[in-house]
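Visitor: Have a look; sequence and predicted model below, questions after that.
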Amino acid sequence: MGNWRRSSYSGEGDGNNCVEIATSATHVAVRDSKAPARATLSFPRAAFTRFLATVEEPEGTSPPR
């Protein structure tokens, strides 16, 4: 995996209540910034891209497939 980076929304408070992601050519890994040594979730890049498109869409609309 590549370098870990925090969400751009982590600026609130102390910045430790967020997720971090790391990317490779084929996968995206996600971990809790408060406990980076604990479990990491890994997703195929295409699935993570669809997930992001879904959460960025206004409510009641569907992202392209």
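Guide: Right, received. Where do you want to start?

Visitor: what about the strands in this structure?
Guide: 5-6, 19-23, 27-32, 41-44 (DSSP state E).

Visitor: name the helices or strands packed onto the last one?
Guide: Secondary structure elements in contact with strand 41-44, counted by 3 or more Cβ pairs under 8 Å, 6 or more residues apart in numbering; DSSP states H and E, are strand 27-32. Quick note: C-beta positions are derived from backbone N, CA and C, even for glycine.

Visitor: The strand it packs on pairs with which strands, and in what direction?
Guide: Here strand 27-32 is paired, per DSSP bridges, with strand 19-23 (antiparallel), strand 41-44 (antiparallel).

Visitor: Can you check which of those gets nearest to P58?
Guide: When those are compared by Cβ to Cβ, strand 19-23 sits nearest P58, at 22.5 Å.

Visitor: quick one: buried residues of that closest one?
Guide: 20-22 (16 or more other Cβ atoms under 10 Å).

Visitor: Appreciated, that's everything.
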